[in-house]
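# Okay, structure incoming, though there's no sequence with it:
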Ligand code: HEC
């Protein structure tokens, strides 16, 4: 063969690759789990539908006439199979379609199905998609492809029959529901070609030393280090390589890094999520075999144990919280511990942090302080009037930081600090001896930091409800600057939102958490503090999933009331803010 022949052969080979990707899943192949946002901001997790008899996905793309034309038939099948529990979803992996454009397409074409946004194209690549319009039937019993191809034979390019004569999708679903082998498991899909520019790229050239390891250092190593809260430490390339398939899984399903906010709303200074680009690069590198490449391993210089008090350093004051005996098994009621401020002077606190004694047992700590009742039935408890406030709490993954610039918490001499300690037993009796470290301001700060609590103790979540919603609303009575937002629910928490309703009636979502996870009690710190005018309403909404599909749900048959233990529920939001003084110039833009 001469050079021209060789090049021609190579071109044909590439063409074949482009038409039928080497990675395409065939009927019988396994579909890996994933979690994606949909076009309405909901969070969709494939393996959530594990008890459905079938999951059907149609590949959608804006502006594709075949998809638009096929959708009414797809919706009719959705309605036909709904009584038998079959799930129907759309998936958009187009480079050119963003969320707003997909929402417009959904509006224009009456799409009342969730359109999953595959913005990294990783799901589309791993399914081996080539065209929109393709339908894929997945059997959740084995998570394998039961059918892929055209929905029916009605549509071809620029032609359509009045009615289909072959109903491939319906037949395949009927076969699956009847427990029969699917008679026709694959046909040629009809639709618009999708551009996957990265699919055949040289991912083996992605540099571990220059690209991957620095990404891990920035987004993972704060927890995955010796002595950190992650279950294994990223101390070298070898560790990462060993965990590479697991990293691919936790990144595709958004379990890691733990960050649950919808990036469409707000910017947060403690955002630890990977961008779409970073996610794509990391997964591509793993799929290329996690090659080591050249260069010194940057992880080697991050394998030291973190100093006990972390980046804040030694505190000005350390208080031992009275110890708690935690049994090996069973339920431990909330423990309340009281310590009187040992200082004989008032101080302004700029930061505080709790170091857990036994991380495995300590579930969370909430602190507050004030003066104690000296008599009556509440003797020894914190008084409801008088100076009061809170210090740092504790939840896994919490990172201690200074309070926002110019703010502090006034801790008076003689105040008593209350520690609400929640423990989870873990099979071994233990004694928890936690401590709190407190850091002082040298000069009084300009502003006192305050917390608005949005709670609704009247919630009732019906048994089996998969999407139950409740709200709490409060109004700011002065101009304020908001610094952070904390949503809190328990095992059944599904999604949460903070919305500002301005005095003029306009609304703004400050935080949306479509994928609430009880394991991670994240405080979302606004990158730019937000000034709100007096009269602004804060609307805090939480949705719960009390269905059997929620893997964290301890009992879907129960109507769930408000309660402190994790098997009861809470609608509880905390907004950290300061008041704006009457004479203060608007230093922070009113709406940013
Ligand atoms: C805020 C702390 C934190 C950060 C940041 C974090 N992790 Fe984790 N990671 C954890 C904890 C805690 C667990 C254990 C979770 C569990 O088992 O419930 C975990 C579990 C994992 C696991 C599963 C281990 C297994 O085999 O079960 C992988 C893989 C992982 N993390 C990878 C990553 C990667 C990659 C990043 C960065 C992109 C990252 N993590 C960022 C805390 C963190």
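Now that the structure is in, tell me what you want to look at. Values in this document were obtained by computation on a predicted structure and should not be read as measured data.
# going forward, measure contacts between C-alpha atoms and count neighbours the same way
Noted.
# Let me see the ranges of the helices in the chain.
3-19, 65-81, 99-108, 122-127, 168-177, 213-219, 237-242, 244-252, 276-287 (DSSP state H).
# Mind checking those helices for the one nearest to residue 318?
helix 213-219 (29.7 Å; Cα to Cα).
# The closest one: which residues count as buried?
213, 214, 215, 216, 217, 219 (16 or more other Cα atoms under 10 Å).
# Which of the helices of the chain comes out lowest on mean pLDDT?
In terms of average pLDDT, helix 3-19 trails the rest of the helices of the chain, at a mean of 42.
# Is residue 507 in contact with residue 499, as I believe?
Yes: counting by Cα atoms under 8 Å, residue 507 does reach residue 499; the two are 6.8 Å apart.
# Of these two, which one has the most company?
residue 499 (18 against 15; other Cα atoms under 10 Å).
# so how many other residues sit close to residue 377?
8.
# Just the pLDDT for it.
83.
# start the count at 364, not 1, going forward
In the new numbering, first residue 364, that becomes residue 740.
# can you give me the strands for the stretch 664-813 of the chain?
With strands called from DSSP state E, counting those that start in this stretch, the stretch 664-813 of the chain shows them at 680-683, 687-689, 698-703, 710-718, 725-733, 751-752, 770-774, 779-786, 793-795, 798-803, 810-811, 813-818.
# Could you dump those strands into CSV with mean neighbour count added?
Below are those laid out as CSV (neighbours: other Cα atoms under 10 Å):
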stretch, mean neighbour count
strand 680-683, 14
strand 687-689, 17
strand 698-703, 16
strand 710-718, 21
strand 725-733, 20
strand 751-752, 19
strand 770-774, 23
strand 779-786, 22
strand 793-795, 17
strand 798-803, 20
strand 810-811, 18
strand 813-818, 18
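# what sits against residue 783?
697, 698, 699, 700, 728, 729, 730 (Cα atoms under 8 Å, 6 or more residues apart in numbering).
# so which of the residues you listed comes closest to the ligand?
Of all the contacts of residue 783, the ligand sits closest to residue 728, with 17.2 Å by Cα to the nearest ligand atom.
# Closest to the centroid, which residue in this protein?
residue 623 (2.2 Å; Cα atoms, centre = their mean).
# how near is residue 930 to residue 916?
Distance of residue 930 to residue 916, computed by Cα to Cα, to the nearest Å: 8 Å.
# what sits in contact with each of those two?
residue 854.
# thinking again about what came up before, out of the buried residues of helix 576-582, who's near the ligand?
Counting by Cα under 6 Å from any ligand atom, 579, 582 from these sit close to the ligand.
# how about the buried residues of helix 576-582, which pair is most distant?
Those two in those that are separated most widely, counting by Cα to Cα, are 576 and 582, at 10.0 Å.
# Endpoint to endpoint, stretch 831-848 covers what distance?
Termini of stretch 831-848 sit 22 Å apart (Cα to Cα).
# from the middle of its chain, how far away would it be?
22 Å (Cα atoms, centre = their mean, to the nearest Å).
# Flag every buried residue along that stretch.
831-836, 838, 841-848.
# Now do the same for the residue in the stretch 614-763 of the chain positioned nearest to the ligand: its pLDDT.
Closest to the ligand within the stretch 614-763 of the chain is residue 620: 3.9 Å, counting by Cα to the nearest ligand atom. pLDDT for residue 620: 96.
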